[in-house]
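*Asks:* whatever this is, show me its structure:
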Amino acid sequence: MKVLAIETSCDETAAAVVEDGRRILANIVASQADLHARYGGIVPEVASRKHLENIVPVIEAALEVSRCRLSDLDAVAMTYGPGLAGSLLVGLNVAKAIAMVQTLPLIGINHLESHIYANWLVEGPEPSFPLLCLVVSGGHTDMVIMEGHGRYRRLGHTLDDAAGEAFDKVARLLGLGFPGGPAIERAALPTGRHAARAKPALRLPRARVAGPYDFSFSGLKTAVLRLVRGEVGDTPPVPETAAAFQEAVVDALATKTVRATQENQATEILLAGGVAANSLLRQVLAQRSSLPLRVPPLSLCTDNAAMVASCAYYHLRQGQRDGLDLDVEPGLRLG
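*Replies:* So this is what the prediction gives:
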């Protein structure tokens, strides 16, 4: 079964063709990172206009690379939420047009759920349920138990800033540019003879919240702001502050993830989303948990359409079909 998927939830215009939910035939992504870097963040109107320019060439490239014609496809899928409304509408309407003209099944996919399915696009056996899924991205930080395909139980989420959003805002405070995750990770890299064992000399606070699996990063961001302004003594060097911030975020994510696996009888941990590309997060989770840790390759951590196609395949197997009246849901949640 070949699925063409479209992803336009934020600032990447992406199209992919995936066979049987696991074999990538094509995965094309047109990034707008350089375009939005000048503004220090995503500008929704600019993003949606760029999607309009990119969407047809990206789909054509995916079909060419996969050596498929529209008539070879078995279904069309697209992200319908959460995300930026204008951006989502571009992908949704193009997918509807293709499905209608080709009389193909149409499948709307939750963007957060699709991130989880990036872990199905690697060689080897499929993940074994129940799974503890930590989805960490620029707009979301969610922890769910996945009991089967399409079956989720939400354990916790961020009460304010998402982890990726906090990375972006702190990178801006430190003058490191956009996107913030890679910039902070580069700035925080220890150097010198004992780099592998080095830990930040500076320790930033960890938020205490009522929910056992909930997160909060706004106070951490404020702590960095006060350091940068010199309100709590001398301002530390940027690499030291970046390292301390990164350690604080990773510690919060890893501590609650490990606790959740122990209290919910998970068999494996699935890491997903843009922040899953952070090497320290991968390292700390692997060290602290005795369970197998699955992490997608870096190219599948950030937004792409292959993960949407994989997710759609399993929805198709369960009989899901959506009508042409499907609308975007910018505030959609998972579980």
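
*Asks:* going forward, measure contacts between C-alpha atoms and count neighbours the same way
*Replies:* Noted.

*Asks:* any idea how many residues pack against M78?
*Replies:* 30 (other Cα atoms under 10 Å).

*Asks:* I meant to write E126 there.
*Replies:* Using other Cα under 10 Å, E126 has 11 neighbouring residues.

*Asks:* over to V209?
*Replies:* Per other Cα under 10 Å, the neighbour tally for V209 reads 12.

*Asks:* equivalent analysis for the one 3 residues further on, please.
*Replies:* Counted with other Cα under 10 Å, the neighbours of P212 add up to 12.

*Asks:* quick check, it in contact with K256.
*Replies:* Yes - counting by Cα atoms under 8 Å, P212 sits close enough to K256 to count as a contact (7.4 Å).

*Asks:* for the closest residue to L298 other than its chain neighbours, what are its contacts?
*Replies:* Leaving aside its chain neighbours, L298 sits nearest to A277 (5.6 Å; criterion: Cα to Cα, 6 or more residues apart in numbering). Taking Cα atoms under 8 Å, 6 or more residues apart in numbering, we find A277 in contact with 297-298, 301-302.

*Asks:* go on, P179?
*Replies:* 33, 37, 40-41, 168, 171.

*Asks:* highest neighbour count among these?
*Replies:* Neighbour tally across those (other Cα under 10 Å): the maximum, 25 neighbours, falls on A171.

*Asks:* mind checking pLDDT for that one?
*Replies:* At A171, the model reports a pLDDT of 96.

*Asks:* quick one: the strands in the stretch 201-335 of the chain?
*Replies:* 268-272, 293-294 (DSSP state E, counting those that start in this stretch).

*Asks:* which of those is buried the deepest?
*Replies:* Highest mean neighbour count of the strands of the stretch 201-335 of the chain: strand 268-272, a mean of 26 (counted as mean count of other Cα atoms under 10 Å).

*Asks:* name the helices or strands packed onto it?
*Replies:* Contacting strand 268-272 under the criterion 3 or more Cα pairs under 8 Å, 6 or more residues apart in numbering; DSSP states H and E are the following elements: helix 111-116, strand 131-136, strand 293-294.

*Asks:* looking at the ones you listed, which is closest to V284?
*Replies:* V284 sits nearest to strand 293-294 of all those, at 10.8 Å, using Cα to Cα.

*Asks:* distance to A286, pLDDT and neighbour count for the contacts of A277 - can I get that in JSON lines?
*Replies:* Output for the contacts of A277, formatted as JSON lines (distance: Cα to Cα, whole Å; pLDDT from 0 to 100; neighbours: other Cα atoms under 10 Å):
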{"residue": "P297", "distance to A286": "15", "pLDDT": "95", "neighbour count": "15"}
{"residue": "L298", "distance to A286": "16", "pLDDT": "93", "neighbour count": "14"}
{"residue": "C301", "distance to A286": "17", "pLDDT": "96", "neighbour count": "24"}
{"residue": "T302", "distance to A286": "20", "pLDDT": "94", "neighbour count": "21"}
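
*Asks:* those residues in helices, which ones?
*Replies:* Counting by DSSP state H, the part of the contacts of A277 found in helices is 298, 301.

*Asks:* dump the contacts of A277 into a markdown table; add distance to A162 as well.
*Replies:* Output for the contacts of A277, formatted as a markdown table (distance: Cα to Cα, whole Å):
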| residue | distance to A162 |
| --- | --- |
| P297 | 22 |
| L298 | 20 |
| C301 | 16 |
| T302 | 15 |
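
*Asks:* which among the contacts of A277 gets closest to V94?
*Replies:* Lowest distance from V94 to the contacts of A277 (Cα to Cα) belongs to T302, with 21.8 Å.

*Asks:* spit out the contact partners of that closest one.
*Replies:* Counted by Cα under 8 Å, 6+ apart, T302 has contacts 273-274, 277.

*Asks:* make TSV from the residues you listed and add distance to A223 and pLDDT to it.
*Replies:* As requested, these are arranged in TSV below (distance: Cα to Cα, whole Å; pLDDT from 0 to 100):
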residue	distance to A223	pLDDT
G273	25	96
G274	24	94
A277	24	95
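
*Asks:* name the spans of the stretch 101-250 of the chain whose pLDDT lies under the cut-off.
*Replies:* The model of the stretch 101-250 of the chain has pLDDT under 70 over residues 191-200.

*Asks:* now with 50, please.
*Replies:* Counting by pLDDT under 50, the stretch 101-250 of the chain shows low-confidence ranges at 192-197.

*Asks:* that one: helices as residue ranges?
*Replies:* With DSSP state H, counting those that start in this stretch, the ranges of helices along the stretch 101-250 of the chain come out as 111-116, 163-173, 180-188, 218-228, 238-263.
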